[in-house]
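[1] Structure for the following, please:
(2 chains)
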Amino acid sequence: MFLKTCYKKSLPIFSFFIGFILILAFLNYKVIQIHPFQIWGMFSRPISEKEIVECYVISINNKTPSFYEMQHIPKVSYINPTISKYIQLKHGEDPFKYSSLQINKKYNLGIENIINDVFVNRNSIKKYPSWLYNYMQQFQGEEIYNYEVNKVSLRFDSAGKVKKVDEQLILNYNNK
Amino acid sequence: MAVRELGLYRTSILRIVFFYFLVVLLFRFIHYQLPFQLQNPPLFIANFDLAFWFFNYFGLKDILYQNYIGGLFFSVLLVAFNVLSIIYTKNRWFIGIFAILFFIYALGYNIYLTHSSHTFSGVILLPFCFLFLKKTNFELLWEGYRYYVCWIYLSAFLMKVYFGAFFQFNFGELTFKENIAWIIYQDPENWRSVASSFFIRNPILLIIGYYIMIPLEGLFGIGFFTKKMDKIFLLLIPFIHIVFYFFIDVLFFEQMLLSILFISTTQWKKINHFIKSPKALLNFLH
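    Residues are numbered from 1 along each chain as shown, chains lettered A, B, ... in the order given. Model (predicted):
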């Protein structure tokens, strides 16, 4: 009905909507996020049942800042994903880069240089520890002499509290 | 369903939308997420997102995010063109430049976040609607965007059904534990930790909560057939995102703006009256 109104009132806007709907439908079907289209697939797949949950804990100057002392939004919505990426790149290539190179090879697209340009070089992880230091120093009141990122494994008890069962050092940085 | 005749209120709608974008920029500034505050991040992504490929390939990341002066200049331009658009509501250059700059900012934000988050993707096309000054064209685009928003939330529900999360009985409990554990660990005495521990002890509440919240997303499908629910959708969008923030620690601050698409013609008439006459607003508040 709305599209019919569009067709009557403005053919260019009608055509735009038709194109938009077709692309949106295709991307939803393939579940590929391409901006500016919103393909909202997060939290849509079942997750494995596990007793242990993992999280990243950052200690600064040998102290773990409390929830209030640590800037919550930058920690959750900026630092955490980059730590995951750092760990991923430490262990291998960006999976999207790997897949892109495979597709390029399979269909003989000849875009290897473009792929190498648009994806991060694994060597960049060397710069990550000092970057995280600079980034956190902006909002950490005290001067940071040292920080540590740990992947902490936690188990919930019957009171709904958590107990640390394991800790794995991700990175340790000393500011000289 | 008739297209809402909102062309008369375009100026008021624009001012509110752009003011929200200004608040968004302030929000990101306070949380150290404007380009010049990112401190030349070394890691970035491209995924299969062609917009990311374009951004990275043409060196936008180096100019705007790997360079303090470039980042600062870009951030100032974002704010300047936002304010200019609020003042000169009919100047398509100011609106268009802001829309493009904000689009670029959103791309860079996700690229350096190294995760394609959804907080910006629903709103980045919104400023482009105001490039159309002709009443009919603006109304059609605004109406079309309303349907798009209905689809965004409906699709979130459908994906959970299609991929199976909806049928995992304790999904709400598992995601809650996974996302909230660090808060309880780092600060067990915090009110949020105390409240979270209460929910962990009573997982049935999380399970019920999940099966209330997710169908609420599906409710947006009704928006394709009637506007009778629009008053509810208007409040539902911020409600959904506030609940998600407290229960899965995901804050979609930008996306809450989408509720503006569900304001009716009558409501805009009143809002327009208040915006044009601050005295009327004061009287109303009294």
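[2] In contact with B:Y145, which residues?
    B:L125, B:L126, B:C129, B:L261 (Cβ atoms under 8 Å, 6 or more residues apart in numbering or on different chains). Quick note: C-beta positions are derived from backbone N, CA and C, even for glycine.
[3] Buried residues, the one helix or strand it maps to. List them.
    Per DSSP states H and E: B:Y145 is located in helix B:135-163. By 16 or more other Cβ atoms under 10 Å in any protein chain shown, the buried positions in helix B:135-163 come out as B:136-160.
[4] Figure out how far the lengthiest helix in chain A is from the centre of its chain.
    What stands out as the longest helix in chain A, according to DSSP state H, is helix A:11-30. Here helix A:11-30 is found 28 Å from its chain centre; the criterion is Cα atoms, centre = their mean, to the nearest Å.
[5] For it, name the packing helices and strands.
    helix A:2-9, helix B:135-163 (3 or more Cβ pairs under 8 Å, 6 or more residues apart in numbering or on different chains; DSSP states H and E).
[6] JSON lines please, covering these and showing mean pLDDT and distance to A:V165.
    Converted to JSON lines, those look like this (pLDDT from 0 to 100; distance: least, Cβ to Cβ, whole Å):
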{"stretch": "helix A:2-9", "mean pLDDT": "93", "distance to A:V165": "55"}
{"stretch": "helix B:135-163", "mean pLDDT": "96", "distance to A:V165": "30"}
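[7] just checking, what packs against the helix or strand following the longest helix of chain A?
    Later in the chain than helix A:11-30, the nearest helix or strand by DSSP H and E is strand A:52-60. In terms of contacts (3+ Cβ pairs under 8 Å, 6+ apart), strand A:52-60 is packed against strand A:146-156, strand A:162-174, helix B:171-186.
[8] where does the stretch 151-286 of chain B dip in pLDDT?
    B:277-286 (pLDDT under 70).
[9] ok, now with 90
    B:182-183, B:186-192, B:248-251, B:271-286 (pLDDT under 90).
[10] A:G110 touches A:I103, doesn't it?
    No - the pair A:G110 / A:I103 is not scored as a contact, 11.9 Å apart, by Cβ atoms under 8 Å.
[11] out of the two, which sits in the busier spot?
    Shown here are A:G110 and A:I103; by other Cβ atoms under 10 Å in any protein chain shown, A:I103 has more neighbours (13 against 8).
[12] ok, now which ones touch the spatially most central residue of chain B?
    With distances taken as Cα atoms, centre = their mean, B:Q255 lies nearest the centre of chain B, 1.3 Å away. Residues in contact with B:Q255 (Cβ under 8 Å, 6+ apart) are B:H118, B:T119, B:F120, B:G122, B:V123, B:I237, B:H241.
[13] Can you name the residues that contact the third one?
    In other words, B:F120. Taking Cβ under 8 Å, 6+ apart, one finds B:A106, B:Y109, B:N110, B:E254, B:Q255 in contact with B:F120.
[14] Out of those residues, which comes closest to A:S48?
    Among the contacts of B:F120, B:N110 lies closest to A:S48 (Cβ to Cβ), at 26.6 Å.
[15] hmm, back to that, so can I have TSV of the helices and strands packed on helix A:11-30 showing distance to B:T11?
    Shown next, in TSV, are the helices and strands packed on helix A:11-30 (distance: least, Cβ to Cβ, whole Å):
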stretch	distance to B:T11
helix A:2-9	21
helix B:135-163	11
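[16] how about the ones you listed, which one is nearest A:E148?
    Short answer: helix B:135-163, nearest of the helices and strands packed on helix A:11-30 by Cβ to Cβ, at 36.5 Å.
[17] In the record's domain split, what are the boundaries for chain A?
    The record's domain parsing of chain A by automatic domain parsing lists A:1-45, A:52-174.
[18] looking at it, A:S158 is touching B:R201, isn't it?
    Yes - between A:S158 and B:R201 there is a contact under Cβ under 8 Å: 7.4 Å.
[19] Could you check which of these two has the larger neighbour count?
    Higher neighbour count among A:S158 and B:R201: B:R201, with 14 against 7, using other Cβ under 10 Å.
[20] Need the per-residue pLDDT for the residue nearest to the more buried one when sequence neighbours are not counted.
    Distance criterion Cβ to Cβ, 6 or more residues apart in numbering or on different chains; nearest residue to B:R201, sequence neighbours excluded, is A:G160 at 4.4 Å. Predicted confidence (pLDDT) at A:G160: the value is 89.
[21] since we're on B:K90, how many residues are nearby?
    12.
[22] quick one, phi/psi of it?
    phi -100, psi 0 (degrees, to the nearest 10).
[23] got it, and B:P41?
    The phi/psi pair for B:P41 (degrees, to the nearest 10) is phi -60, psi 130.
[24] Surely it is in contact with A:N134?
    No - counting by Cβ under 8 Å, A:N134 is not a contact partner of B:P41; they are 9.7 Å apart.
[25] Could you list every helix and strand that whichever strand or helix holds A:N134 packs against?
    Assignment of secondary structure by DSSP H and E places A:N134 within helix A:128-139. When contacts are defined as 3+ Cβ pairs under 8 Å, 6+ apart, helix A:128-139 sits against helix A:80-91, strand A:146-156, strand A:162-174.
[26] And the shortest one, what does it pack against?
    Contact analysis of strand A:146-156 by 3+ Cβ pairs under 8 Å, 6+ apart lists strand A:52-60, helix A:128-139, strand A:162-174, helix B:171-186 as its packing neighbours.
[27] what's the angle from the shortest one to helix A:128-139?
    Put plainly, it is strand A:52-60. Interaxial angle, strand A:52-60 versus helix A:128-139 (axes from the mean of the first three to the mean of the last three Cα atoms, to 10 degrees): 70 degrees.
[28] Equivalent analysis for the third one, please.
    Between strand A:162-174 and helix A:128-139, the angle comes out at 100 degrees (the same axes, to 10 degrees).
[29] List the contacts of the residue lying farthest from the centre of chain B.
    Largest separation from the mean C-alpha position in chain B: B:R201, at 32.6 Å (Cα atoms, centre = their mean). Neighbour list for B:R201: A:S158, A:A159, A:G160 [criterion: Cβ under 8 Å, 6+ apart].
[30] Do I have it right that the second one meets B:S197?
    Think A:A159. Yes - taking contacts as Cβ under 8 Å, A:A159 lies within contact range of B:S197: 6.6 Å.
[31] who's more crowded, the two?
    Legend: neighbour count by other Cβ under 10 Å for A:A159 and B:S197, higher for B:S197 (19 against 10).
[32] which residues touch that one?
    With Cβ under 8 Å, 6+ apart, B:S197 has these contacts: A:A159, A:G160, A:K161, B:I184, B:P188.
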